[in-house]
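build me a model:
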Amino acid sequence: MKKISNYLFLGFIFYMIFSLFFKNSAEADPKLSYEDYLAGKAIFIDVREEDEIRNGMIKGAFWFPLSKIEENKISVISKIKEVSQGKKIYIYCRSGNRSGKVKDYLANSNIESINLGGYSTLLEKNLPTQSRP
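Predicted structure coming up:
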């Protein structure tokens with residue numbers, strides 16, 4: 001019985017750590033965000049890396065991999081500001097962590113954005129997809 005309790009306790013600790021660091025941090029409803037996009041009020045930015053977008057991305061999304069953003073923040077953030085043209089910016093990645101990081105980078109440049117979380121969640125909501133750019 002004690003052994004089972006130890007495994008349950010360790011499982012709970014693992015779950016808490018995993019949830020803390022690898023959560024899907026969606027801040028908006030995917031369907032409503034896509035409606036904003038269709039109405040011309042928003043853009044999507046995919047910050048996943050090249051190997052991750054091989055299976056597709058949200059239709060109409062701009063692709064700015066986190067690695068490229070971190071290589072040259074000023075230039076890429078300037079490009080994001082240019083393509084957004086005052087529209088809402090919805091950012092997504094695989095799980096929501098990297099999109100949260102990019103959201104912070106944009107906030108440091110006084111650019112508001114919304115973390116949509118992970119790509120798989122967006123697929124579950126049946127958002128249209130396209131092949132890589």
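
quick check: beta-bridge partners of the residue nearest the centre of the chain?
Geometric centre of the chain, nearest residue: residue 92, 1.8 Å, by Cα atoms, centre = their mean. Judged by DSSP bridges, the bridge partners of residue 92 are residue 46, residue 117.

what sits against it?
By Cβ atoms under 8 Å, 6 or more residues apart in numbering, the residues touching residue 92 are 44-47, 58, 61, 99, 115-119, 122. Just so you know, the C-beta spots here come from the backbone N, C-alpha and C atoms, and that holds for glycine as well.

pLDDT-wise, which helix or strand of this structure ranks last?
Among the helical and strand segments of the chain, the one scoring lowest on mean pLDDT, DSSP states H and E is helix 2-21, with a mean of 59.

who are the packing partners of the very next helix or strand once past it?
Using DSSP states H and E, the helix or strand that directly follows helix 2-21 along the chain is helix 30-38. Using 3 or more Cβ pairs under 8 Å, 6 or more residues apart in numbering; DSSP states H and E as the contact test, the elements touching helix 30-38 are strand 42-46, strand 88-93, strand 114-118.

name the SS class of residue 120, please.
In three-state terms, and counting by DSSP: H, G, I helix; E, B strand; the rest coil, residue 120 is helix.
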